[in-house]
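Student: Here's a sequence, model it:
(one chain, ligands or ions: 1)
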Amino acid sequence: MTTDSWLFQQVDLLIQGPLRLLDPFEQAIFRARLEEHWSDVIRPLRHLYGQHPDFETWLVKFLHIIAQNYAHRPHDLRLLDIKRAARPDWFQESRMIGYVCYTDRFADTLTGVRKKIPYLNELGVTYLHLMPLLKPRPRPNDGGYAVADYRQVDPRLGTMDDLSQLAVELRQNGISLCVDLVCNHTAKEHEWAQKALAGDPVYQNYYFMFPDRTLPDQYERTLREIFPESAPGSFTWYPEAERWVWTTFHEYQWDLNYQNPAVFAEMLDIMLFLANQGVEILRLDAVAFMWKRMGTDCENLPEAHYLLQAFRALSRVAAPALLLKAEAIVPPPQLVPYLGQGEATNKECEIAYHNVLMVMLWSALAERKVNLATYALGKMPRIPSGCAWVTYVRCHDDIGWAVTEEDAAAVGLNGFLHRAFLSDFYSGRFPHTFARGATFQFNPKTGDRRISGTLASLAGLEVALEQKDWRAVDLAVRRILLLHSMIFVYGGIPLIYMGDELGLLNDYSYQDDPSRVGDNRWMHRPFMDWERAGERLDWQSVTGRIFQGLVRLVQARKRTSVLHAETAVTPVWTHNEHVLGLLRHGPRGRLLALANFTEHVQTVPRYRLLELGFSGELHNCLNGRLLDAWSDIQLEPYESLWLVHPEQLHSA
Ligand code: GLC
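Tutor: You can find the predicted model right below:
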């Protein structure tokens, strides 16, 4: 079984079946791709389902699914498949700039988003992540992360046709569409869950259901609580089915049972269906939780990786242009493997969120010191050359202080106290803090307090405007630009979170909405303020300073090809603990970024630059100025510099 001859036989059957209407050349392409990817397909599947009595039948089923979706792939997307194969590093290039928004909060509907494409072009966006938009359960639905139907768009936003049309128009404007696929759980209103609730054993096996607390109690001994305040525990009792159901997140989000190959088959089909609508990047939600094993925390298990590797290898045959993005907010040793390791190098997800960078930036800003960031980022394991980080300052979720005891101790801090300091600082409790945010999900067992708040409010703009303190306003604007400068220079795809380009403040209106009041993450999910956006060209306004400053950063990044993600970034000590140094050294050239994390002027001694190999005059890519060859480097409050040798400019 699963020898070459078996595979040839299967392809012949597929050619008589789902592929029969394709012309012979298209059939040959399918065959060639399947053969090329076969070892990557079969390896993870054997790990996952090799022991299943019907393994071969399931393999045939998976092949059918990819063949069927391949046969239905529209022509423009087949062309895209060819283009991506010709330029596989397209998403690693410095021209990539992401933007993230809720469709309704940004532009009402998908058609509304189409009308805002000129705005995205003005910012320089090449990647648009629309937050969950598939049909959710009625609210509360965790901001759309409780999907009731994966094949329908939320009717409030439009239809699947609207989504496909939007994807086409975005692509014509050089923008790739990213959409969430909530693959770890469905809403309890999903058809599968409803059938399971009604007692259908086939669908009960799509989830984890238990007649009593015996197993749930045993599992819970080692599980982490994700929403300890609003949704404690990981199981929920449903009297109608007389079953406990595994619900890692909220009661209405039921974890899928991937031990059942039928669940894998369903999700594979959905994935390719979305790819065929023109979605270029799937943000795979909560991937760390996709496999469970008693006695573990049921996060980041090897099988969760095999699932992603199998999804990737199979989708490479049917829709090779599709990229997979892992959403795993876990510590670096567990995070990096989502980009593929060992045998799976370059064969898992292509992109993943760099949570640690985000946390370190906020930590440095509060502390006005970069020791922890330099140390922790320096320890990050390397990622495969064909992958990229997704870098961000803010997103729709809270900020959890991913600072380990070890890293803190290495720079003379106490991990627990530092995390407590950061929570105090950003919730606004710390004396003289510039930030205004709120505590999200206090966990009394660990003392953890996560943080909600928009970038602008956390960076000091809200307090400064309220106090009409113009110097403080100026500093807040500089912080906003500094943090963006860091995610732009780090390499990978930087994401601008909707509203941050205008400095939108915390939105407290969620408190009047009964379906949202229990979740203060809505504080940093404001509605787009188009009136404010109207001020974006006015340099005198705060909005204009932020927007124009950001556009300049975007343009600088696009010009600086050395920022290609193939080159790893190395944090370097600058001999000034207030100035972060990031060194990029790769085939395209060398760049040194320096960033002042304080409100005071800072100096980096020239000899340090010489030690790092930066001698002579230097060009600052951010403003085009030349720095002389001898003076120490001066940085204004919160200023950053991207320095290269001038002779490198033709290539940088
Ligand atoms: C992800 C999302 C988060 C959601 C959770 C459950 O972490 O980012 O918003 O609550 O998954 O779907």
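Student: so how many other residues sit close to the residue of the stretch 1-150 of the chain found nearest the ligand?
Tutor: Per Cβ to the nearest ligand atom, Tyr145 is where the stretch 1-150 of the chain lies closest to the ligand, at 3.3 Å. Placement of C-beta: from N, CA and C, glycine included. By other Cβ atoms under 10 Å, the residues close to Tyr145 number 20.
Student: show me what contacts the closest residue to Ala231 other than its chain neighbours?
Tutor: With sequence-adjacent residues excluded and distances taken as Cβ to Cβ, 6 or more residues apart in numbering, Ala231 is closest to His250, at 4.7 Å. Counting by Cβ atoms under 8 Å, 6 or more residues apart in numbering, His250 touches Pro140, Asp142, Ala146, Phe227, Ser230, Ala231.
Student: Helix, strand, or coil at the closest residue to the fourth one other than its chain neighbours?
Tutor: Pointing back at Phe227 there. Nearest in space to Phe227, with sequence neighbours left out and distances taken as Cβ to Cβ, 6+ apart, is Gln441 at 5.9 Å. Under DSSP: H, G, I helix; E, B strand; the rest coil, the three-state class of Gln441 is strand.
Student: So Gln441 versus Tyr375, what's the distance?
Tutor: From Gln441 over to Tyr375 the distance is 27 Å, taken as Cβ to Cβ, to the nearest Å.
Student: Neighbour count for those two, which is higher?
Tutor: Comparing Gln441 with Tyr375 by other Cβ under 10 Å, the one with more neighbours is Gln441, at 21 against 18.
Student: need the contact list for that one.
Tutor: Phe227, Pro228, Glu229, Ser230, Asp398, Asp448, Arg449, Arg450.
Student: ok, it to Pro320 distance?
Tutor: In terms of Cβ to Cβ, Gln441 sits 40 Å off from Pro320.
Student: residues contacting Ile66?
Tutor: Neighbouring residues of Ile66 by Cβ under 8 Å, 6+ apart: Leu34, Leu268, Leu272, Leu314, Ser315, Val317, Ala318.
Student: coming back round to it: name the member of the contacts of His250 with the shortest distance to Glu56.
Tutor: Checking the contacts of His250 against Glu56 with Cβ to Cβ, the nearest one is Ala146 at 35.0 Å.
Student: Could you double-check that that closest one sits in contact with Gln253?
Tutor: Yes - with contacts counted by Cβ atoms under 8 Å, Ala146 reaches Gln253, the gap being 5.0 Å.
Student: Name the residues contacting each of the two.
Tutor: His185, Thr186, Ala187, Lys188.
Student: Lys379: which of those residues is nearest?
Tutor: Closest to Lys379, out of all of the shared contacts of Ala146 and Gln253 and judged by Cβ to Cβ, is His185, at 32.3 Å.
Student: Quick check: bridge partners of the residue nearest to that closest one when sequence neighbours are not counted?
Tutor: The shortest distance from His185 to any non-neighbouring residue, by Cβ to Cβ, 6+ apart, is to Gln253 (4.3 Å). On DSSP bridges, the residues paired with Gln253 through beta bridges are Ala187.
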